[in-house]
Each structure stands twice: as C-alpha cells, then as structure tokens.
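>>> Below are the sequence and a predicted model; questions follow.
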Amino acid sequence: MPRRIAALSALALTACASVPSTTATPSAASAASAGIAPETVRAVVSALAADSMEGRGTGTAGSLRAARYIAEHFRATGLEPAGDAGELGGFLQRVPMAAAPAGGRGMQLLDAFAALDTVPAERRRSGGNVVAVLRGSDPALREEAILVDAHYDHLGIGRPVDGDSIYNGADDDATGTATVMLIARALAAGPRPKRTVVFAAMTGEEVGLVGTRWYLRHPAWPLARTVGNLEIEMIGRPDSLAGGPGKAWLTGFERSTLGDALKAAGIPLVADPRPDQNFFQRSDNIVFAWSGIPAHALSSFDLHKDYHTPRDEASRLDYAHMARVVEAAVRAVRIMADGPRPEWKPGQKPEAPAQAKRMLGIP
C-alpha cells in the first residue's frame, strides 16, 4: 500500500493443510474453531515473506518465486487456472513491463509483449499476476463473478537499515496474499458458491498498479459480469480504532451496499476509521471502482512504523488476530458470492480523473 498511490486520483497512476491450534488465547481458540488455525496463517505468510523471496520486488526472480508458490497453492486447492497457457501451469498471467528509464520511478506497463523489443534488454522485466477461478454453482448466478485479490510483490532489496537490506513485506502484503489463498482453500472445501469467484495475486501495486492495469485490459472474467471486488491489504496486526484483535475495516464502507450487508450478517468489519489517509484510493481496488465495479479493500493497518522498512518481518505479526480476520474475510466473500450483488449508493461511485480514464481506457 504505497503512500504515493494516494495521489492516483490526481496524477493517474504515476504513483500495496490446517494444523490444529494449541494456542490458549481466546482469539486463537475462536479462529481454530472456525477452521482457520493461526499456525496455518503463519506458515503461508512466513513462506511468502522469507528472505529467500528477496522482498518479492516486481519483475525479479524473488517475485517469480513467490508467484510459483501461489500458483502451486491454487493448483493444490483445485482451482482452475486463469492465466496464460504454459505459464506456471496456466496460473500466471504474464504482464509486459519494463523498469523506468534512468532517473525515473516505478515500472512501465507496455501495450503488448511485442513492445518489449523496443526496450533495452537491461530494462525488461518478467513477471505477472497469478489468477485462478472457482466456478459458481447456481445456473442463474454463475455467469457473474466476485474478484478477490491482493498484491503479492513488494519492494525487493534496497537500502540497508541496521544491516538488513531485504524489504520482506510481511504485512504489506504477504498477509493479504495469504488471506486470498486461504479464502480460496476454504471456499473450495465447502459448498460451491453460487457466483463464480476469481482469485488474483496482482503484481506491481507498489510501482504503479501495473498488474491490475493489465488485468483490466485482459480480465479472467468479463468486467461487465464482475459484480464485486474485495481486496485484502495489510491485516497483520490489530488496529485499536477498528476494535482490536480479530477486527478489521473496509475502505469505502459507506459507498456501496456491501458494508451494510456485511454488518447485517455480523461480520466484524467497520468503516475505515482514518478517512483522511485516503486508503480507498491507495490500492488496486480503486482501478476496479473507477471501472464501475463496487470495489473495497479490507485491512487492519494501524499505521505501524515497520511499514515499507526491512522490519516488516513475519515474526512481528499477530497470527491469532489474523486467523480471525481471515475467517471474517471467508464469510464476507461467501456473502458476496451467494447474496444480493453489491451496488453503489447514489452519488458514491468514484469518478476517475481524466488522465486515468485515458490510461485505463475507461469511457
């Protein structure tokens, strides 16, 4: 969740096998009884945020290593691949991208793979989104889809701080990616949802939303039939303003009917307690919201000081809290997939700035 994405509205994309729980805390016991063990969450987050992933920098070998891990999880879960044929078992949707020229920032999204030939070899990058589908069961609703996503790469290797140069991105956003993976596992193991659910781990959120912008042009499910989006972003620690352990907040809660539906179902999500931070506009969901899809991010980011530093390590997270939030996210997606489709409230659909419309091809 990079701070500069808060400027997207103005600058338009120049800019974040279950193991039984033996923990005796109430939050851990609650999570385990709901089927999400803190140890399971820890295992997935720790793998994604391991030093061997080298901070999952966009377009790097570490990021591709993480993509392979996610793809294998989706395959083992029984999901259908929705990426490019022959790429990580069909789960990887390749994205044509290049590092910005010397002195520039971020990553350039190219119009097509052929355009890579126009870019110097040292600037070409390899990577993509990891995308999978769980098809719906209801004859009347299965042609509609809910998109559940998180960004899986981070900042890579950078300036050393206290001798550590790996920006592991455990909270930002290995936690969100792990949640998407565990939601997929839970839904695939239970009754098939009525709507189709698309699961996506997006690349390049930290460097200009390049993966999401490419997905917008090449969706795994038609955008016209994608009726809701839930992004998971930074749930690794409790947020006192959301109510503490096991609670989270939803960006843009007041903008659509989704917040009300989740509240009515007793899902422990509240409105974003820090609207001044503009979190609704600061991650991948904004691209889908600009495109007309009711799109929100679920988070419990409490503005901790490890954000975007090498201290964002898996060892610093609260897994009992996370397990409860993952369970809430599973229930939220089930409601989105089985219940009334989310709708924007009058006057609450965000309007994309003119430059963003041109870049994204939004009418």
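Thanks, I have the structure now. Numbering: from 1, shown residues only.
>>> Ala224 versus the residue nearest the centre of the chain, what's the distance?
Central residue of the chain (Cα atoms, centre = their mean): Ala150, 0.8 Å from the mean position. For Ala150, the distance to Ala224 equals 23 Å [Cβ to Cβ, to the nearest Å]. (Glycine included, C-beta is placed from N, CA and C.)
>>> Ile36 too?
Counting by Cβ to Cβ, the gap from Ile36 to Ala224 is 33 Å.
>>> So between the two, which is more surrounded?
For Ile36 versus Ala224, the count of surrounding residues by other Cβ atoms under 10 Å is larger for Ile36: 26 against 11.
>>> I figured that one hits Ala328, correct?
No: the criterion here is Cβ atoms under 8 Å, and Ile36 misses it with Ala328 at 9.6 Å.
>>> Now for the two: what residues contact both?
Overlap of the contact sets of Ile36 and Ala328 (by Cβ atoms under 8 Å, 6 or more residues apart in numbering) is empty.
>>> Quick check: what element follows the biggest helix by length in the chain along the chain?
Ordering each helix of the chain by length in residues (DSSP state H) puts helix 319-338 first. The helix or strand immediately downstream of helix 319-338 is helix 354-360, counting by DSSP states H and E.
>>> Which other helices and strands does that following helix contact?
helix 8-11, helix 210-217, helix 285-290 (3 or more Cβ pairs under 8 Å, 6 or more residues apart in numbering; DSSP states H and E).
>>> Average pLDDT for the first one, rounded please.
So that's helix 8-11. Averaging pLDDT along helix 8-11 gives 37.
>>> do the same with stretch 291-306
Computed over stretch 291-306, the average pLDDT equals 95.
>>> Please apply the same query to stretch 138-157.
Summarised as a single mean, pLDDT over stretch 138-157 is 96.
>>> Quick check: end-to-end length of that stretch?
Taking Cα to Cα, to the nearest Å, stretch 138-157 runs 46 Å from one end to the other.
>>> ok, the closest residue in space to Val180 that isn't next to it in sequence to Thr212 distance?
Closest residue in space to Val180, ignoring its immediate chain neighbours: Ala150 at 4.8 Å, by Cβ to Cβ, 6 or more residues apart in numbering. Counting by Cβ to Cβ, the separation of Ala150 from Thr212 is 11 Å.
>>> who touches both of those two?
Counting by Cβ under 8 Å, 6+ apart, the residues touching both Ala150 and Thr212 are Met202.
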